[in-house]
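Asks: Any chance you can model this:
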Amino acid sequence: GAPQMISNGALLVTGHEPLTGKEIWRVRYRDDSTISRIITGQGLLFINTGGSPGKSELWAIRPVGTGDVTDTHVVWKMTEDAPHESSPVLVDDLLYTMSDRGTLTCMEAKTGVPVWTESQRGNYSASLLATKDRIYISDKKGKTTIIAPGRTYQVLAVNELDAELWASPAVEKNALLLRSKTHLYRIEAS
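Replies: Predicted coordinates for the structure are as follows:
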């Protein structure tokens, strides 16, 4: 029930008191080079453990307790097709992940049980972006697939730019911002 500052780094993730920096709890894992951001919801933190592409894991952790809670507070682990670079998104009670090699997975956030999995062509590094009724997924070649959140896989649209998209999309009011290697695109309804 108290605010925490969460720090994900080489070999461990820690929870701290924001005003003093005092460590409250820690969870240890084997890797470093964590890239994706921490996602929070459903009483859990969704943490990428880093490592190298194809070997990253995504862990769901209860951010409570004191000291080393590795053996008691890791609720579930995604060990196959976990993203290395891309950050997942949480919509209601479902967590969506995209592996670097194009495996899109929807799972129950509290349990890690897969709801559906779809293979996409291409390589991915940009984080997923969720709005009220859409999830945007951009590949490195410039294709953005838009899906509906939910327990069935439903593609709403596919758009392509003649540009490499490595950066995560951003939102500014009603506009979608996409940064390529050479341009910044602003897309919005007139």
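
Asks: Relative to Ser119, how far out is the residue sitting nearest the centre point of the chain?
Replies: The centroid of the chain falls nearest to Pro88 when counting by CA atoms, centre = their mean (1.9 Å). Distance, Pro88 to Ser119, by CB to CB, to the nearest Å: 17 Å. Heads up, the C-betas are built off the backbone N, CA and C, glycines and all.

Asks: quick one: Thr72 is in a helix?
Replies: Yes: according to DSSP: H, G, I helix; E, B strand; the rest coil, Thr72 belongs to a helix.

Asks: Need the per-residue pLDDT for it.
Replies: The model reports Thr72 with a pLDDT of 97.

Asks: Beta-bridge partners for Val91, please?
Replies: Leu94 (DSSP bridges).

Asks: list the contacts for it?
Replies: Taking CB atoms under 8 Å, 6 or more residues apart in numbering, we find Val91 in contact with Ala130, Ile135, Pro149.

Asks: The first one touches Val89, doesn't it?
Replies: Yes: here Ala130 reaches Val89: they are 4.0 Å apart, a contact under CB atoms under 8 Å.

Asks: Determine the number of other residues adjacent to Arg186.
Replies: 10 (other CB atoms under 10 Å).

Asks: Would you mind confirming that it is in contact with Leu177?
Replies: Yes: taking CB under 8 Å as the definition, Arg186 is a contact partner of Leu177 at 5.7 Å.

Asks: what residues are up against Arg186?
Replies: Listed by CB under 8 Å, 6+ apart, the contact set of Arg186 reads Glu172, Ala175, Leu176, Leu177.

Asks: The same query, at a cut-off of 6 Å, please.
Replies: Counting by CB atoms under 6 Å, 6 or more residues apart in numbering, Arg186 touches Ala175, Leu177.

Asks: quick one: it from Tyr153, how far?
Replies: 29 Å.

Asks: Name the residue in Ala130 and Val89 with the higher neighbour count.
Replies: Val89 (22 against 17).

Asks: so what's the more buried one up against?
Replies: Val89 neighbours (CB under 6 Å, 6+ apart): Tyr96, Leu128, Ala130.

Asks: Name the helix or strand for the first one, please.
Replies: Assignment of secondary structure by DSSP states H and E places Tyr96 within strand 94-98.

Asks: what does the next helix or strand after that strand rub up against?
Replies: Per DSSP H and E, the first helix or strand lying C-terminal to strand 94-98 is strand 103-108. With contact meaning CB under 6 Å, 6+ apart, strand 103-108 is reached by 81, 94-98, 114-120.
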